[in-house]
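# Kindly generate the corresponding structure for this input.
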Amino acid sequence: MKTSHCTPLHVPIQAVDLEEWIFSLSDEDYRAASPQHRAAGVTRSNGIRGTINVESIGGMLIIQHYREVTSGAQGFELLSERSRVYLFHVVPVPARVRWTMAVEPGRNGDSQLRCTVELTLSFFLRLLAATAATPFFIRRHVRNETPGFARDIERKHAARQFAKD
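Numbering: from 1, shown residues only. Predicted coordinates for the structure are as follows:
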């Protein structure tokens, strides 16, 4: 299951630093980006940065333990090899989740933010997920959170600009 969404980002591409943004994202800012976001925190283990994200999507509670794969100003890739998906918020099942985000050139000096989430489940769980309309809920969630993330990046950019003046 893989889905992407792209949304306008009203910040010049050269002013965006997604690496700084993701590894300084507060729990409050994460929750403000989507009504399905429950909690988040930044981690560091054995010198590797990561995040822990908790979401409630389509009757499932999802806890991701992301670790940094790559990151830079223009994008990042995080991988959670040991996510837990709680079906109906009760039954825990393992999942693998890859989350990438990238800033791309846009129009008139603006840029675009692309968010991609890839969820890997066992065959049985894919079958169960399809029955529960999970692909629909994941697509809807990514379409919802991407503009929320863009608003957070824009707000932080405006605050930096204000502080400079």
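
# drop to CA atoms for contacts and neighbour counts, all remaining ones
Will do.

# and R155, what is it in contact with?
Residues in contact with R155 (C-alpha atoms under 8 Å, 6 or more residues apart in numbering): none are found.

# Can you tell me the SS state at the closest residue to P94 other than its chain neighbours?
Spatial nearest neighbour of P94, excluding adjacent residues (C-alpha to C-alpha, 6 or more residues apart in numbering): R84 at 4.8 Å. At R84 the chain is in strand, as set by DSSP: H, G, I helix; E, B strand; the rest coil.

# Quick check: R84 touching I62?
Yes: at 5.8 Å, R84 counts as touching I62 under the criterion of C-alpha atoms under 8 Å.

# what's the span of stretch 8-25 from first residue to last?
20 Å (C-alpha to C-alpha, to the nearest Å).

# Equivalent analysis for stretch 12-31, please.
Using C-alpha to C-alpha, one end of stretch 12-31 lies 25 Å from the other.

# now what about it, what contacts it?
Defining contact as C-alpha under 8 Å, 6+ apart, one finds that stretch 12-31 is touched by 37-42, 49-51, 71-76, 101-105, 109-111, 149, 152-153, 157.
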